[in-house]
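Peer 1: structure here, sequence nowhere to be found:
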């Protein structure tokens, strides 16, 4: 139910890298332009790292206000640093979500930073909508794939070629659907 029906909603969107930001822009525009929706943009990961160009400045130059910056990047790409960054991300997202209290958090993809956001939302009882779940990217840590989708309501895979939808298999078939690229 939206404002026109008596209730406003706050939607949090997480972006962690240029790879997800470009896909999220049409969704961000739609949310911004929808009456009764307040958009919160949570920026983390490579966007905040000097190693990757601190692309948060491009997000702000595009006119998007950043609700919170969440540090999730370790000192290197070594496994222990990825794990440490993911743990820091859970803490950071938990604090950011507790402060912002979004009614829903939108995640795109299966990066470790997105998993941290999903884990943080769970004990706060914030529903997660997960887009592009279960896809395989060369060089990815495939064991984490599906973690975000498993907690998401709703989940959305981008193609029937996505290897699996964990929400479908673990929750009786109703949690995931093939929806194609967001806003295409």
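Peer 2: Alright, I've got the coordinates. Bear in mind that the values here come from a model prediction, so they are computed numbers and not experimental data. Residues are numbered from 1 along each chain as shown.

Peer 1: how about the strands of the chain, start to end?
Peer 2: 9-15, 37-44, 68-70, 104-108, 128-131, 155-157, 176-178 (DSSP state E).

Peer 1: quick one: closest of those strands to residue 76.
Peer 2: For the strands of the chain, the distance to residue 76 is smallest for strand 37-44, at 17.3 Å, taking Cβ to Cβ. For every residue, glycine as well, the C-beta is placed using N, CA and C.

Peer 1: which other helices and strands contact that closest one?
Peer 2: Judged by 3 or more Cβ pairs under 8 Å, 6 or more residues apart in numbering; DSSP states H and E, the packing partners of strand 37-44 are strand 9-15, helix 18-32, helix 56-61, strand 68-70, helix 79-100, helix 112-121.

Peer 1: try it again at 10 Å.
Peer 2: strand 9-15, helix 18-32, helix 56-61, strand 68-70, helix 79-100, strand 104-108, helix 112-121 (3 or more Cβ pairs under 10 Å, 6 or more residues apart in numbering; DSSP states H and E).

Peer 1: same list (these) but as a markdown table, adding mean neighbour count, distance to residue 42 and mean pLDDT.
Peer 2: Shown next, in a markdown table, are the helices and strands packed on strand 37-44 (neighbours: other Cβ atoms under 10 Å; distance: least, Cβ to Cβ, whole Å; pLDDT from 0 to 100):
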| stretch | mean neighbour count | distance to residue 42 | mean pLDDT |
| --- | --- | --- | --- |
| strand 9-15 | 24 | 5 | 96 |
| helix 18-32 | 17 | 11 | 92 |
| helix 56-61 | 14 | 11 | 92 |
| strand 68-70 | 19 | 5 | 94 |
| helix 79-100 | 17 | 6 | 94 |
| strand 104-108 | 25 | 8 | 93 |
| helix 112-121 | 26 | 7 | 92 |
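
Peer 1: could you dump these into JSON lines and include distance to residue 44?
Peer 2: JSON lines is the format used below for these (distance: least, Cβ to Cβ, whole Å):
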{"stretch": "strand 9-15", "distance to residue 44": "7"}
{"stretch": "helix 18-32", "distance to residue 44": "10"}
{"stretch": "helix 56-61", "distance to residue 44": "9"}
{"stretch": "strand 68-70", "distance to residue 44": "4"}
{"stretch": "helix 79-100", "distance to residue 44": "6"}
{"stretch": "strand 104-108", "distance to residue 44": "11"}
{"stretch": "helix 112-121", "distance to residue 44": "5"}
